[in-house]
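In: have a look at this fold, sequence not included:
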């Protein structure tokens, strides 16, 4: 008896704790009571709910206390009818249910024939949130269509919610790897927010600062921000929660097409470009275009209003951009110095003599060896007529391509009025270039770039089951992942033979790295070599599973469930070397000329601090 009592207590505690570990959901419910004009409960009243799109129908009956609940509803606009023997038919039209909302609609029925009807509209139905203390802000798809988003990134909509402060530093919002979701909600930390898409996780759990996919704004049905006092099912993160629901197909075909364009023709020169009279405006082009289409799935010989059970929605979007990047004025050697002649630094015969070599420098010339010749290719020539503090200088402006493409497909199938299944898949594919080796030490010139590519993907499967009029189960499984691939571009090849040997054996076929001038001058004696952080690839897939149960007992609505998630991190690196390369005074095997650039031409390496990273590949799983 004692053992049985202990087990009973454990089961009770488990049931009580389940609501606190259940996960965010983007479905809501409509509930209330059905009474007559005297306030007496009407049992057995039949409630039917249909969305205006014609793709969803739900029915239930009121219990002995007149209470009813229709759970597991996506955000949409609905018509509701209530019928009961001996009472007039009650119809409520255009009831707006937001994503994840718990709406209460009480029905007061009038005695009469069922052929008579009482009709009210959504404006006449009280839809004040009375069942939850959530502080939320909801933006509908129609509102999204009418809003102007600079960059067309749907995450910008979060700025419309009270208490949200953007810390992205982006005016022209980006998508893909450069997307940023650093938003503080009610003073919370930016990385403590939770972003969900169709009930599945969408956060890049590797960086915790961007998303795996960025759905086309024209494919979003509703966008909801919860900033405070939300329920335990949203308890994964300590700050705000963003729930996004994509559009589904309707009983008729609908579609859209769009293009947004920007061009350098409309821009003035930048101040950097204005410093060089011969400079032209850098190409600046942004093309964002795509289309959406949705409707019923056509089944031959079964296509009528009663047989429309499967609906689809498809969206595709492309982005083609060229974004200018400009370096500041950087001092570079003159043409004569590039040939080894440094007489311009000290004309005449009174130049000092280097005691270590006996050479009069810098009026003397130096001999360029293969090392110097190879490294010289990394330093651009001076721009004609351009100087900085009296020395030759260069101003580089490049327009680097960025491309992005996304496909979104969603299928909704109603087995009957009790069971509905949803499948949604999004695939983002982006490719961009950076003007320098990515995540390196920094370089002065834009001659060696990084190709930064990778796909992001998101898949959600959701099953809503109205097991009985008083019991609903919602199961959601999701998979999200992003992949990153880094490759060097435009590295000059090494001459043969090349006496520096292993120095640039960086997994890129021995190609040279980028280079940086110390103190922004070729004459300060310092140079840095940047091998970059490539070749490199990384993946961070996340799997989530959750189940939410809604049970109605008399006048009480109970919700409980479970949530589990884990991330798998895959990372692979090829061998590379990262370090600082300087040319000044410490290496006595090659005499110093007394000038940093001349030392570079002679191949004199003063110091090289390096880190050798070997090829590695590993998997890691973690619970999130």
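Out: Good, I have the coordinates. Bear in mind that the values here come from a model prediction, so they are computed numbers and not experimental data.
In: ok, how many other residues are close to residue 96?
Out: As a burial measure, the neighbour count of residue 96 was computed by other C-beta atoms under 10 Å and equals 16. The C-beta positions use only the backbone N, C-alpha and C, and glycine is treated the same way.
In: so it, which state does it fall into?
Out: Under DSSP: H, G, I helix; E, B strand; the rest coil, residue 96 falls in the strand class.
In: swap in residue 598?
Out: Counting by three-state DSSP, the three-state call for residue 598 is helix.
In: residue 333 too?
Out: At residue 333 the chain is in coil, as set by three-state DSSP.
In: what is the burial count for residue 29?
Out: Around residue 29 there are 22 other residues, counting by other C-beta under 10 Å.
In: so what's it up against?
Out: Contacts for residue 29 were tallied using C-beta atoms under 8 Å, 6 or more residues apart in numbering; they are 69-73, 102-103, 550, 557.
In: now do residue 152
Out: The contact partners of residue 152, by C-beta under 8 Å, 6+ apart, come to 173, 175, 217, 260, 288.
In: of those - the most surrounded one?
Out: If you count neighbours using other C-beta under 10 Å, the busiest of these is residue 175, which has 27 neighbours.
In: could you check how far it is from residue 149?
Out: Applying C-beta to C-beta, to the nearest Å, the value for residue 175 to residue 149 is 11 Å.
In: how about low-confidence regions in the stretch 451-600 of the chain?
Out: Segments of the stretch 451-600 of the chain classed as low confidence (criterion: pLDDT under 70) are 492-513, 517-535, 569-594.
In: go again using 80 as the cut-off
Out: 469-470, 486-488, 490-539, 552, 554-557, 567-600 (pLDDT under 80).
In: and what of the stretch 151-300 of the chain?
Out: Residue ranges of the stretch 151-300 of the chain with pLDDT under 80: 171, 177, 205-208, 228-238, 264-284, 298-300.
In: picking up where we left off before, possible to save the contacts of residue 152 as a markdown table with distance to residue 478?
Out: Supplementary listing: the contacts of residue 152 in a markdown table, determined by distance: C-beta to C-beta, whole Å:
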| residue | distance to residue 478 |
| --- | --- |
| 173 | 24 |
| 175 | 20 |
| 217 | 21 |
| 260 | 30 |
| 288 | 27 |
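In: so where do the helices sit in the stretch 351-500 of the chain?
Out: Listed in chain order, the helices found in the stretch 351-500 of the chain under DSSP state H, counting those that start in this stretch are 370-376.
In: and the closest residue to residue 400 other than its chain neighbours, what are its bridge partners?
Out: On the basis of C-beta to C-beta, 6 or more residues apart in numbering, the spatially nearest residue to residue 400 that is not a chain neighbour turns out to be residue 433, at 4.2 Å. According to DSSP bridges, the residues that bridge with residue 433 are residue 451.
In: gap between residue 433 and residue 397?
Out: 14 Å.
In: so which of the contacts of residue 152 is the closest to residue 192?
Out: residue 173 (20.7 Å; C-beta to C-beta).
In: which residues touch that closest one?
Out: Residue 173 touches 149-153, 155-156, 179-180, counting by C-beta under 8 Å, 6+ apart.
In: residues near residue 321, how many?
Out: By the measure other C-beta under 10 Å, the count of residues near residue 321 is 18.
In: list the helices and strands whatever helix or strand it lives in packs on?
Out: Under DSSP states H and E, the secondary-structure element containing residue 321 is strand 310-326. When contacts are defined as 3 or more C-beta pairs under 8 Å, 6 or more residues apart in numbering; DSSP states H and E, strand 310-326 packs onto strand 285-296, strand 397-414.
In: how far does the shortest one sit from its chain's centre?
Out: Relative to the mean C-alpha coordinate of its chain, strand 285-296 is positioned 19 Å out (C-alpha atoms, centre = their mean, to the nearest Å).
In: got the buried residues for it?
Out: When neighbours are counted by 16 or more other C-beta atoms under 10 Å, the buried residues of strand 285-296 are found to be 285-286, 288, 290-292, 294-296.
In: I'd like to know which elements that strand is packed against.
Out: Here strand 285-296 is seen to pack against strand 254-263, strand 310-326 when contacts are counted using 3+ C-beta pairs under 8 Å, 6+ apart.
In: from the chain's centroid, how far away is stretch 181-191?
Out: With C-alpha atoms, centre = their mean as the basis, the distance from the averaged C-alpha position of stretch 181-191 to the chain average is 15 Å.
In: I'd like the numbering to begin with 47 instead of 1 from here.
Out: I'll keep to 47 as the first residue from here, and by that count the last item is stretch 227-237.
In: next, the buried residues of it.
Out: Burial within stretch 227-237, assessed by neighbour count using 16+ other C-beta under 10 Å, is assigned to 227-231, 234, 236.
In: which members of the residues you listed are the farthest-apart pair?
Out: Across these, the longest distance by C-beta to C-beta is 12.9 Å; it joins 227 and 234.
In: and the end-to-end length of stretch 200-219?
Out: The straight-line separation of the ends of stretch 200-219 (C-alpha to C-alpha, to the nearest Å) is 9 Å.
In: just the helices in the stretch 97-246 of the chain please.
Out: For the stretch 97-246 of the chain, the helices identified by DSSP H, counting those that start in this stretch occupy 187-192, in order along the chain.
In: sorry, back to before: nearest to residue 373 among the buried residues of strand 331-342?
Out: Sorting the buried residues of strand 331-342 by how near they are to residue 373, with C-beta to C-beta, puts residue 331 at the top with 20.7 Å.
In: what's the distance between the residue lying closest to residue 334 once chain neighbours are set aside and residue 367?
Out: Nearest residue to residue 334, sequence neighbours excluded (C-beta to C-beta, 6+ apart): residue 306, at 4.3 Å. From residue 306 over to residue 367 the distance is 11 Å, taken as C-beta to C-beta.
In: are there residues contacting both of those two? Which ones?
Out: Residues touching both residue 306 and residue 367 (C-beta under 8 Å, 6+ apart): 332-333.
In: once you drop chain neighbours, what's closest to residue 88?
Out: For residue 88, ignoring the flanking residues on the chain, the nearest one in space by C-beta to C-beta, 6+ apart is residue 80 at 4.6 Å.
In: right, I'll call it a day here.
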